[in-house]
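Enquirer: predicted structure and sequence below. I'll ask about it afterward.
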Amino acid sequence: MLSPRKVTRRRGETQVEWDEINAAWGQTCLLLHSMAQACKFNFSSYRILPLGNHPRIADNKNIYELYGPVNSFWSAKYDKAMICFLACLQVRSARSPTRSTPGAPCPPRRSSRDLGYAQVGVTCTPA
């Protein structure tokens, strides 16, 4: 998981390592891929390939690598992979569970009580 302190770094501080960025992309691709599978949703233009810290996105012609290290000369495939991922995310988010087709229902919404989680709260007592 990326540390918020590393992402919001200031000049002169350490940079986020490519291993962490690749792992974050891998987890994000796995999440979107899993959500689509759970809802029996297929992306029409792209295929997400969540392969650990080396995720890829494929279209009808090419496979784009969504991992680095990337430099300014070799970033075209990485940039295209990010664009493809965002397109998949946009398509999936446009089809929220309330708008799903009857043939492809998403799992029902559940509250924390249904899952057996204890409710956490803070109570203040006057001194």
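Expert: Perfect, thanks for sending it.

Enquirer: so which residues of this protein form strands?
Expert: 47-49, 56-58, 63-65 (DSSP state E).

Enquirer: contacts for the first one, please.
Expert: Spelled out, that is strand 47-49. With CB atoms under 8 Å, 6 or more residues apart in numbering as the test, strand 47-49 has contacts from 29, 32, 33, 36, 55, 56, 57, 58, 59, 63, 85, 88. To be clear about C-beta, it is placed using only N, CA and C from the backbone, and glycine gets the same treatment.

Enquirer: which of these sits closest to residue 20?
Expert: When the contacts of strand 47-49 are compared for distance to residue 20 (CB to CB), residue 55 wins out at 14.0 Å.

Enquirer: please name the nearest non-neighbouring residue to that closest one.
Expert: residue 29 (4.0 Å; CB to CB, 6 or more residues apart in numbering).

Enquirer: so that neighbour sits against residue 85, correct?
Expert: Yes: counting by CB atoms under 8 Å, residue 29 touches residue 85, with 7.0 Å between them.

Enquirer: what residues do the two have in common as contacts?
Expert: Between them, residue 29 and residue 85 share the contacting residues 48, 57, 66, judged by CB under 8 Å, 6+ apart.

Enquirer: wait, the last one touches residue 78, no?
Expert: Yes: distance between residue 66 and residue 78: 6.9 Å, which falls inside the contact criterion (CB under 8 Å).
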